[in-house]
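Q: Give me coordinates for this.
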Amino acid sequence: MRLGIKPAVFLARLLVVFALTYVLWTPLAPLYTQLLATLTQGFLHLTEISRDPNLHQVTQMRVRGTAIFFLHRLFPAVHPSGIPAEWVQANLVLLIPLMLATPAQSYRQRFVRLSVALAIALALQVLDIAVTVKSFYASELGAYSEHYYSDTARWVYQFGDAFTQAMDTQLFPFAIWAGIHFKQLLAPARPAPPEAAPRAGVRPSGPPRGRGKKRVKKA
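A: Next up, the predicted model:
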């Protein structure tokens, strides 16, 4: 059974859940930021496995306040600006209400879908930060950047950094939500059940046809 989405009901539910998510996310944000930094460093270390000591697991990541900072092991004097955790996590504050406000056949189905959406969002966030780090390494470390990164790699990382920053908070939440609920979004809302038709052989209530008037006898 496919559940259609009624726009008015969906919008009202979305606004309520969005307000609750916005309030509850504030105390959870620092823990999530630390998780994000740890996973991103692990992902970058996987991409930095090399026999060359100048490339082997050179990234160190730390959380300070509400920002994620990264540092190249060979360039301790270079301190790039931190990545604000707010813009990385902003898509969750929109994605969670979208997932919870969409009708589902059961609460279990709704939370399974939410778990899938959060896993996809987390993977995209890790990739987002990793591309930002790689873009910095490819263009801001002078002779090191020129030696270890080609012009093509530099263009790819810079384009990826600009794309993810532009689309992360606006496009990704809707893309994840629409992808998970694709069939449901195309299904119309369920119409009201039709009235039951009278069964064969059963006469409708009311006076019988042709007997509503009394006959008048002639004098």
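Q: hey, let's count contacts and neighbours off CA atoms from now on
A: Will do.
Q: residues contacting the residue most central in space within the chain?
A: Central residue of the chain (C-alpha atoms, centre = their mean): Pro173, 3.4 Å from the mean position. Pro173 makes contact with Asn91, Leu92, Leu94, Leu95, Ala121, according to C-alpha atoms under 8 Å, 6 or more residues apart in numbering.
Q: mind redoing it with 6 Å?
A: By C-alpha atoms under 6 Å, 6 or more residues apart in numbering, the contact list for Pro173 reads Asn91, Leu95.
Q: Surely it is in a helix?
A: Yes. Under DSSP: H, G, I helix; E, B strand; the rest coil, Pro173 falls within a helix.
Q: Look through the chain and tell me its longest helix.
A: helix 7-47 (DSSP state H).
Q: just the helices in this protein please.
A: Using DSSP H, helices in the chain cover 7-47, 85-101, 107-139, 143-148, 151-167, 171-180, 182-186.
Q: Single out the most deeply packed of those.
A: Stretch with highest mean neighbour count among the helices of the chain: helix 85-101 (a mean of 20; mean count of other C-alpha atoms under 10 Å).
Q: Low-confidence ranges, this protein, go.
A: Scanning the chain for pLDDT under 70 picks out 1-5, 169, 187-219.
Q: Look up how far Gly65 lies from Trp25.
A: 16 Å (C-alpha to C-alpha, to the nearest Å).
Q: Same check on Leu186?
A: Leu186 is 43 Å from Gly65, by C-alpha to C-alpha.
Q: And Val88, by the same measure?
A: Val88 is 14 Å from Gly65, by C-alpha to C-alpha.
Q: same check, this time on Thr47
A: Thr47 is 27 Å from Gly65, by C-alpha to C-alpha.
Q: Equivalent analysis for Tyr22, please.
A: Distance from Tyr22 to Gly65, by C-alpha to C-alpha: 19 Å.
Q: repeat for His79
A: Taking C-alpha to C-alpha, one finds His79 at 16 Å from Gly65.
Q: Which phi and psi values does the residue lying closest to His45 once chain neighbours are set aside adopt?
A: Once flanking residues are discounted, His45 sits nearest to Gln57: 4.8 Å by C-alpha to C-alpha, 6 or more residues apart in numbering. Phi and psi for Gln57, reported as degrees, to the nearest 10, are phi 40, psi 60.
Q: Run a quick neighbour tally on Gln57.
A: 19 (other C-alpha atoms under 10 Å).
Q: next one: Arg51
A: 8.
Q: wait, what's in contact with it?
A: Counting by C-alpha under 6 Å, 6+ apart, Arg51 makes contact with nothing.
Q: Which residue, other than its chain neighbours, is closest to Leu100?
A: Using C-alpha to C-alpha, 6+ apart, the nearest residue to Leu100 is Arg110, at 6.6 Å.
Q: do the same with Asp128
A: Leaving aside its chain neighbours, Asp128 sits nearest to Thr164 (6.0 Å; criterion: C-alpha to C-alpha, 6+ apart).
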